[in-house]
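Enquirer: need a structure here:
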Amino acid sequence: MKKTLKLLNWAFYLPIALCFFMVVLFESDILPTGIMKSDETETLEFCLEFLMIILTIAGIPMVLKMFKFPFVSRRITEDQSPEYVVYCHYSLIRILLLALLMVGNTLLYYLFMNVRFGYLAIILLISAIFIMPTKERVKAESGR
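Expert: Residues are numbered from 1 along each chain as shown. Modelled structure (predicted):
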């Protein structure tokens with residue numbers, strides 16, 4: 001279980017650290033902000049904004065309830081491997097889906113300087129608290 005927990009913790013904390021690293025680089029003017037903001041890219045910005053809002057609104061409940069889906073919970077409880085292989089697989093999917101949306105929204109915020117992307121990234125960061133990998137959570141969600 002230690003190996004599984006270590007992998008899940010890396011997958012959980014690395015994207016958060018990447019987001020904070022991006023914030024530091026953009027806020028200290030090492031990387032330029034707002035480089036995609038122009039009249040020509042308004043349509044692109046609108047489409048990306050719409051897409052990220054829909055993905056975030058759909059992604060958060062799916063990620064939080066993923067282990068309640070019958071086919072997922074059945075596969076997790078049937079797995080009796082000592083390293084929680086199936087649980088690790090589904091947890092990685094869950095964590096990385098949330099992380100991908102969070103990193104994407106953070107990057108889009110600094111490219112377009114559109115606060116909606118920033119708000120979505122903050123909402124995803126807060127949502128990540130509810131899937132933080134701990135020893136107790138692994139035992140509870142895997143049914144062991």
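
Enquirer: Just the buried positions in whatever helix or strand residue 95 lives in, please.
Expert: Following DSSP states H and E, one finds residue 95 within helix 85-112. Within helix 85-112, the residues that qualify as buried are 86-88, 90-92, 94-95, 97-99, 101-112, counting by 16 or more other Cβ atoms under 10 Å. (C-beta placed from N, C-alpha, C; glycine too.)

Enquirer: what ranges do the helices span in the chain?
Expert: 2-27, 42-65, 70-78, 85-112, 115-128, 135-142 (DSSP state H).

Enquirer: thought residue 108 was touching residue 117?
Expert: Yes - when contacts are counted by Cβ atoms under 8 Å, residue 108 is listed as touching residue 117 (4.3 Å).

Enquirer: tell me, what's touching those two both at once?
Expert: residue 52 (Cβ atoms under 8 Å, 6 or more residues apart in numbering).

Enquirer: just to revisit the earlier point, and residue 35, which of the helices of the chain is closest to it?
Expert: helix 85-112 (6.2 Å; Cβ to Cβ).

Enquirer: Can you give the distance from stretch 3-14 to the centre of its chain?
Expert: Put simply, stretch 3-14 sits 13 Å off its chain's centre (Cα atoms, centre = their mean, to the nearest Å).

Enquirer: what does it contact?
Expert: Residues contacting stretch 3-14 (Cβ under 8 Å, 6+ apart): 83-85, 87-88, 91-92, 95-96, 99, 128, 131-135, 138.

Enquirer: list the contacts for the closest residue in space to residue 121 that isn't next to it in sequence?
Expert: In this structure, residue 121 finds its nearest non-sequential neighbour in residue 105, 3.9 Å apart by Cβ to Cβ, 6 or more residues apart in numbering. Each residue near residue 105 by Cβ under 8 Å, 6+ apart is listed here: 52, 56, 117, 118, 120, 121, 124.

Enquirer: Report the separation between the residue lying closest to residue 18 once chain neighbours are set aside and residue 57.
Expert: Take residue 18 and drop its neighbours on the chain: the residue closest to it by Cβ to Cβ, 6+ apart is residue 103, 5.9 Å away. Going from residue 103 to residue 57 by Cβ to Cβ, to the nearest Å gives 18 Å.

Enquirer: Good, we can wrap up now.
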